[in-house]
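# Below: sequence and its predicted model.
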Amino acid sequence: MTASTKTFLITGVSSGLGRAFANAALQAGHVVIGTVRNAQAASEHEALAPGRAHALMLDVTDFDAVAAQVPDAESRFGAVDVLVNNAGYGQEGVVEESSIDDLRRQFDANVFGAVAMIKAVLPGMRERGFGRIINVTSMGGFITMPGIAYYCGSKFALEGISEALGKEVRSLGIHVTALAPGQFRTDWAGRSMDRAPRSIAAYDTIMDPIRSARQAKSGRQPGDPAKAAKALLTLVESDAPPTRLFLGEDALAVVEQKLDLMRTEIATWDAVSRSTNFD
């Protein structure tokens, strides 16, 4: 191992982007502690690079377990230099058909679990004066789409926390980036998606085409997870990483569209916006 070798803690390395991130970091010579949910996934991860790939059996929504197991893992495998909060899933369903429990589960996995992981590694990073925290959000953390309101809400929340946290810790040598992918060829839209049952006919014209198109496109998305992992490593090695990094031409296109719409709406409603101060 070289002087530039880092210890990564990546959540959700069993599949998708998490697996690609772990593979790339290990191939670059780094140490990877990867969270998994079962023994088979643990064995598969550790087999990638015996002695450098370490599995941590952990559910990020078990916040007490996170607080206890992450420091223990650091004592066994090395202080965490890079935290990649990748674990999470998508919830599909219009708001009226999706339960409050659906919302809680979505935020537990995509927001509260990520924050629990951050809080577990921050003391060590602060004491050492170095750290990289990369929160995997989504283009859906900046733009929105009907039928995944809870998912977008969770990613908006993680984007906001990431940006504010970055301002809190930058002077301590810790950089925080929200990594916002577009459509990548993972199981996100397939077996990993939690879909609320359809029950209200009024939403058929909105929801039925969306659900069908998403299922049909699963496995055919334009984004290459291996190339996303290469971008992650570039981000980690940067001395001035961005607050937010979008991945994919599709993400850039819809973000630019939203920015244009926002500029137009701001200009249209400028007088009303300025009318609210005391005279």
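Alright, I've got the coordinates.
# in the helix or strand bottoming out on mean pLDDT in the chain, what's buried?
Between all helices and strands in the chain, the lowest mean by mean pLDDT, DSSP states H and E belongs to helix 204-217, at a mean of 84. Neighbour counts using 16 or more other CB atoms under 10 Å place M207, I210, R211, R214 of helix 204-217 among the buried residues. C-beta: built from backbone N, CA, C; applies to glycine.
# And A39, how close does it get to A149?
The gap separating A39 from A149 is 36 Å, by CB to CB, to the nearest Å.
# if we can go back for a sec, as a markdown table, the buried residues of helix 204-217 with distance to L26 would be great.
Listed next are these as a markdown table, based on distance: CB to CB, whole Å:
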| residue | distance to L26 |
| --- | --- |
| M207 | 41 |
| I210 | 37 |
| R211 | 36 |
| R214 | 32 |
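# those strands in this protein, which residues are they?
Secondary structure of the chain by DSSP state E: the strands cover 7-10, 31-36, 53-57, 82-85, 91-92, 131-136, 174-181, 194-195, 244-247.
# What helices and strands are in contact with the fourth one?
Secondary structure elements in contact with strand 82-85, counted by 3 or more CB pairs under 8 Å, 6 or more residues apart in numbering; DSSP states H and E, are strand 7-10, helix 113-128, strand 131-136.
# who wins for proximity to A24 among these?
Across those, A24 has its closest neighbour in strand 7-10 (9.8 Å, CB to CB).
# mean confidence for the closest one?
Taken as a whole, strand 7-10 carries a mean pLDDT of 98.
# Can you pull the poorly scored residue ranges out of the protein?
For the chain, the stretches with pLDDT under 70 are 1-3, 188-190, 219.
# Nearest the middle, which residue of it would you pick?
V136 (2.1 Å; CA atoms, centre = their mean).
# Report the separation between the closest residue to that residue other than its chain neighbours and P146.
Distance criterion CB to CB, 6 or more residues apart in numbering; nearest residue to V136, sequence neighbours excluded, is N86 at 4.6 Å. Distance from N86 to P146, counting by CB to CB: 26 Å.
# who has more neighbours, these two?
Comparing N86 with P146 by other CB atoms under 10 Å, the one with more neighbours is N86, at 25 against 12.
# was I right about the more buried one contacting L9?
No: in this structure N86 lies outside contact range of L9 using CB atoms under 8 Å: 10.2 Å.
# residues contacting the nearest residue to L165 once chain neighbours are set aside?
Leaving aside its chain neighbours, L165 sits nearest to V176 (5.1 Å; criterion: CB to CB, 6+ apart). Neighbour list for V176: I133, I134, N135, S162, E163, L165, G166, V169, R170, T243 [criterion: CB atoms under 8 Å, 6 or more residues apart in numbering].
# Can you flag the buried ones in those residues?
Buried among those by 16+ other CB under 10 Å: I133, I134, N135, S162, L165, G166, V169.
# can I get those residues in CSV with distance to A271?
Output for the buried ones among the contacts of V176, formatted as CSV (distance: CB to CB, whole Å):
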residue, distance to A271
I133, 41
I134, 41
N135, 37
S162, 34
L165, 36
G166, 34
V169, 39
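# what's in contact with stretch 87-104?
11-12, 18, 35, 60, 105-106, 109-110, 113-114, 136, 146-151, 153-154, 188-189, 192-200, 203, 206-207, 211, 214.
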